[in-house]
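>>> this one's structure only:
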């Protein structure tokens, strides 16, 4: 891993009888796969000394799995449809994904593939009172300052790639089911290897033994659900187009799937896409941004969302090409007024940053 990390310190942290591996809402295959890899490592490090060595977790009995589940939980507010499909194909791993808001917080928590507090729904006081470790490949935000131990590498193409590197450095070869989950996460976050680096291929070569990569791609190639496709079409029908410093910037809104809608806008011609979604129950406005790779070299989406979030007392961050922010909706204004105000701040900030970089 390019980003140096203290492997002995990590092993010391993982030697605990209770750990929560917490990942972002709508957890994608990278978040789920990375949690599964870290949980496997924790189980290995805490294995009773008299137990059989080199046992494959796939061979454990249900009772043994239940005992492990009680100590090492993976939790998310929700998981994506594609993650659910993968877990259904890997029944030996499907028993311990806890899907709920406000999970119980033990003394040790790992934030996995999660860079911002707005990506999880937890009791923040209890969370910050625990020993917090972050394993992530997104740009650091204020949440990283709250953590006691960090393994963060923005250059890594996925968190699963980072977890694979950790397992390889420890020389702990996972069973097929864990390797499949890690490979799904790597393939998902690299857009089926389009964004893969030399390190990515090194990790795939290590993981792929006795596995078929075509099956990995099959697990990631589920047909989009109807609601998602309708959200894409509605977002396109509401789209506004602006031109800023020669860039085609699109603005739209959706009631759900805003990140996917922004991605779709870029795929059909936008240089940069902003899609808003209002969460009435949470009184929040979310914005997802996506851009072309060529645009990200002069305008980092994670930095853009973080800067806009600071201006509106929200929280934001993400990757160079994909990012988002959350902001509270001031109910003294209408929804349309609130969204228009934030979009104007986004567009003004885009202009400022492009002009300063030109």
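Looks like it came in fine. On a predicted model such as this, the values are computed, not experimentally measured, just so you know. Numbers count the residues shown, from 1 in each chain.

>>> Measure how far stretch 183-196 is from the centre of its chain, please.
Chain-centre distance of stretch 183-196: 13 Å, with CA atoms, centre = their mean, to the nearest Å.

>>> what does it rub up against?
Applying CB atoms under 8 Å, 6 or more residues apart in numbering, the external contacts of stretch 183-196 come out as 28-34, 82, 86, 157-161, 164, 200, 203-204, 207-208, 211, 213, 216-217, 219-220. C-betas here are computed from N, CA, C, even on glycine.

>>> Then stretch 72-82?
18-29, 31-32, 35-36, 39, 42-43, 87, 96-101, 103, 120-121, 188, 220, 222, 225, 228.

>>> which of those count as buried?
The neighbour-count criterion (16 or more other CB atoms under 10 Å) marks 19-29, 31-32, 35-36, 39, 42-43, 87, 96-97, 103, 120-121, 188, 220, 228 among those as buried.

>>> Report the separation between the residue positioned nearest the centre of the chain and residue 48.
The centre of the chain sits closest to residue 113, judged by CA atoms, centre = their mean, with a distance of 4.4 Å. The gap separating residue 113 from residue 48 is 30 Å, by CB to CB, to the nearest Å.

>>> what's the average pLDDT for stretch 306-314?
Across stretch 306-314, the average pLDDT comes to 90.

>>> still on that earlier bit, among the contacts of stretch 183-196, which are located in helices?
The helices, defined by DSSP state H, take in 29-34, 82, 86, 159-161, 164, 200, 203-204, 207, 213, 216-217, 219 from these.

>>> residue contacts, residue 273?
Each residue near residue 273 by CB under 8 Å, 6+ apart is listed here: 249-252, 261-263, 265-266, 289-291.

>>> any idea how far it lies from residue 101?
Residue 273 is 29 Å from residue 101, by CB to CB.

>>> Likewise for residue 295?
35 Å.

>>> for residue 85, same thing?
Distance, residue 85 to residue 101, by CB to CB: 23 Å.

>>> what ranges do the strands span in this structure?
Assignment of strands within the chain using DSSP state E yields the ranges 19-23, 72-76, 97-99, 108-112, 131-136, 149-152, 240-244, 247-253, 272-279, 284-291, 315-318, 322-328.

>>> The third one: partners in the sheet, and parallel or antiparallel?
So that's strand 97-99. If you go by DSSP bridges, strand 97-99 pairs up with strand 72-76 (parallel).

>>> How many residues are close by residue 130?
Per other CB atoms under 10 Å, the neighbour tally for residue 130 reads 15.

>>> Equivalent analysis for residue 40, please.
24.

>>> now residue 268
For residue 268, the count of nearby residues is 11 (other CB under 10 Å).

>>> need the contact list for it.
Shown in contact with residue 268 (CB under 8 Å, 6+ apart): residue 236.

>>> do you know how far it is from residue 231?
Separation of residue 268 from residue 231 (CB to CB) stands at 15 Å.

>>> for residue 100, same thing?
Distance from residue 100 to residue 231, by CB to CB: 25 Å.

>>> for residue 202, same thing?
37 Å.

>>> For those two, indicate the residue with more neighbours.
Each of residue 202 and residue 231 has its neighbours counted (other CB under 10 Å); residue 231 has more, 22 against 14.

>>> How about the more buried one: what's its closest non-neighbour residue?
residue 257 (4.1 Å; CB to CB, 6 or more residues apart in numbering).

>>> Tell me which residues touch the residue nearest to residue 164 when sequence neighbours are not counted, please.
Nearest residue to residue 164 in three dimensions, chain neighbours excluded: residue 203, at 4.2 Å (CB to CB, 6+ apart). Contacts here follow CB under 8 Å, 6+ apart; on that basis residue 203 touches 161, 164-165, 168, 186.

>>> what about the helices in the stretch 51-200 of the chain?
Secondary structure of the stretch 51-200 of the chain, counting by DSSP state H, counting those that start in this stretch: helices at 62-71, 81-89, 124-129, 142-145, 159-170, 176-189, 198-207.

>>> Redo those as a markdown table? Include distance to residue 352 and mean pLDDT.
Below are the helices of the stretch 51-200 of the chain laid out as a markdown table (distance: least, CB to CB, whole Å; pLDDT from 0 to 100):
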| stretch | distance to residue 352 | mean pLDDT |
| --- | --- | --- |
| helix 62-71 | 49 | 51 |
| helix 81-89 | 37 | 88 |
| helix 124-129 | 32 | 95 |
| helix 142-145 | 22 | 90 |
| helix 159-170 | 31 | 97 |
| helix 176-189 | 30 | 96 |
| helix 198-207 | 34 | 97 |
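
>>> Of those helices, flag the one that's most buried.
With neighbours defined by mean count of other CB atoms under 10 Å, none of those is more surrounded on average than helix 176-189, at a mean of 26.

>>> can you give me the offset of it from its chain's centre?
Going by CA atoms, centre = their mean, the spacing between the C-alpha centre of helix 176-189 and its chain's C-alpha centre is 14 Å.
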